[in-house]
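>>> Next input, structure requested:
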Amino acid sequence: MDAVVSTALPVFALILTGWLAARWGVLGPTATDALNRYVAYLSLPALLFRAMATADLGLMSGYFVLSIASGMAITFIAGAMLSRRRGVRLTDLSIQGLAASYANAGYMGIPLCLALLGPASLAPAIICTLLTACVLFSTSIALIEFDQHRNRSLASTLGKVIKALLRNPLLIAPLVGLACSLLGVSVPVGIDRYVELLGASASPCALVTIGLFLAQAEPGGDHKAVARLVVGKLLLHPAATALLVFVVFPAPPLWAWTAVLMCALPIGTGPFMLAQLYGRDARTASRAILISTLLSTVTVSILVAWIGQQHLS
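Presented below is the predicted three-dimensional model:
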C-alpha cells in the first residue's frame, strides 16, 4: 500500500489534474496540442538523451529485447485476429492490433518506473519505449501504408516509414545519447545541466497531457471491440511479457519487473492518432484509451504494490 500511495497515486493524480483543467477550461482549447508538442519535441527527448548517455547497458541482452518484442507481437496479433471479420480492411486490423499492444510507455511508464524502481530502471524503460514508439508503431504504419497503396512497391512504403521515423525526436534523441555513451563523449557541464532541467519537466507535463486528452475522448465506438482491446492491453500483454522475461528468457529482476510494469500500462494515444490520420473511425480507439486508463488505476496499483513488495524484499 505504501508503494501505491507513494508511486501510483501521484501519477494518477497528475492525470486527474489535466482532466480537471480541461473540464474547467483552465488552460484553454489549444492546451492539449501545445503541451503535447512540448513534451514530444523538447522535454521527453531531453530526458531520453540524458538517460541513454549515462545508462549502464551492461545488463541488456538480445534476449531481453526479444522478450519485449515477442510480448508486443503476441498481443498485436491477438488484437488484430479477434477483430477479423468479413470486409474489415488491413488498415483497421492494424489499428486494432496496435491498440491492444501499444502501452503509454513514454508519457506514463517512465515517470512510474522512476518513482517505483529508481534511476536504474531508466535503461530498460527506455528500451521498452523505443520498441513501442518505433518498432511497433512503424510496423503498424507499414501495414496500413501497404493496405492503402497496394500498387506501390514495398521499398516505397518502407522508405516512407523510415523518413517519418528519422524525423521523430523520440527516436533520434536516445540514439544520439547512446552514441555518446558508446563513444565515450562527455557532455559539457553547462549543457548537461540544461538538458537535465528540460528533461525534469517531461514527467509532470506528460501526465497532465494524458488528462487533457482523456477529457476530450469521443463517445461511442464498438463496445465489444473496446472490451477486447482493454483486456488485451491490461491483462494479455503484461502476462505474456512476464512469462517471457521470468521463465523463457530470464532477465535480471529489476529489468524484468520494469518490462512487466511498462507492458501493464493502459493504451497510449498512438492508435487514436493513426485512426485520425488515415480517416478511420477513431471512436473505438478513443474509448479504449479512456477505459483502459481508468481501469489501470486498479490494475497498475495492484502491480505496483506487488512489485514494491518483491523489490524491497
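>>> Just the helices from the stretch 1-150 of the chain, written as ranges.
For the stretch 1-150 of the chain, helices defined by DSSP state H, counting those that start in this stretch occupy the ranges 2-3, 9-23, 31-38, 44-54, 62-82, 90-101, 110-117, 122-130, 137-148.
>>> Looking at stretch 261-277 now, give me its mean pLDDT.
When pLDDT is averaged over stretch 261-277, the result is 85.
>>> got the end-to-end distance for it?
One end of stretch 261-277 sits 29 Å from the other (C-alpha to C-alpha, to the nearest Å).
>>> coming back round to it: worst mean pLDDT among the helices of the stretch 1-150 of the chain?
Among the helices of the stretch 1-150 of the chain, helix 2-3 scores lowest, at a mean of 61.
>>> Figure out which of the helices of the stretch 1-150 of the chain is closest to Thr269.
Set against Thr269 and scored by C-beta to C-beta, the helices of the stretch 1-150 of the chain come closest in helix 31-38, at 8.3 Å. No exception for glycine: its C-beta is placed from N, CA and C like everyone else's.
>>> Same question for the closest one: list its buried residues.
Using 16 or more other C-beta atoms under 10 Å as the test for burial, helix 31-38 gives Ala31, Thr32, Leu35, Asn36, Tyr38.
>>> Residue nearest the middle of this structure, spatially speaking?
Among the residues of the chain, the one closest to the centroid is Ala105, at 2.6 Å (C-alpha atoms, centre = their mean).
>>> which other helices and strands contact the longest helix along the chain?
Taking DSSP state H as the criterion, the chain has its longest helix at helix 283-312. For helix 283-312, the elements it packs on are helix 2-3, helix 90-101, helix 110-117, helix 202-214, helix 223-231, helix 253-263, helix 270-277, judged by 3 or more C-beta pairs under 8 Å, 6 or more residues apart in numbering; DSSP states H and E.
>>> Recalculate using a threshold of 6 Å.
If you count contacts as 3 or more C-beta pairs under 6 Å, 6 or more residues apart in numbering; DSSP states H and E, helix 283-312 packs onto helix 2-3, helix 223-231, helix 270-277.
>>> Can you give me the distance of the nearest residue in space to Pro169 that is not next to it in sequence to Ile144?
Leaving aside its sequence neighbours, Pro169 sits nearest to Pro45 (C-beta to C-beta, 6 or more residues apart in numbering; 4.2 Å). As judged by C-beta to C-beta, to the nearest Å, Pro45 and Ile144 stand 25 Å apart.
>>> what do you get for Trp255?
According to C-beta to C-beta, Trp255 and Ile144 sit 32 Å apart.
>>> does the residue nearest to the centre of the chain really touch Thr132, like I thought?
Yes - using C-beta atoms under 6 Å, Ala105 is in contact with Thr132, at 4.6 Å.
>>> From what I see, Leu98 and Thr139 are in contact.
No - in terms of C-beta under 6 Å, Leu98 does not count as a neighbour of Thr139; the distance is 8.4 Å.
>>> And stretch 183-193, end to end?
20 Å.
>>> Okay, buried residues for that stretch please.
Residues Val187 are the ones in stretch 183-193 that count as buried (16+ other C-beta under 10 Å).
>>> Please apply the same query to stretch 296-312.
Neighbour-count burial for stretch 296-312, counted by 16+ other C-beta under 10 Å, picks out Ser296, Thr297, Thr299, Val300, Ser301, Leu303, Val304, Ala305, Ile307, Gly308.
>>> next one: stretch 10-21
Quick answer for stretch 10-21 (16+ other C-beta under 10 Å): Pro10, Val11, Phe12, Leu14, Ile15, Leu16, Thr17, Gly18, Trp19, Ala21.
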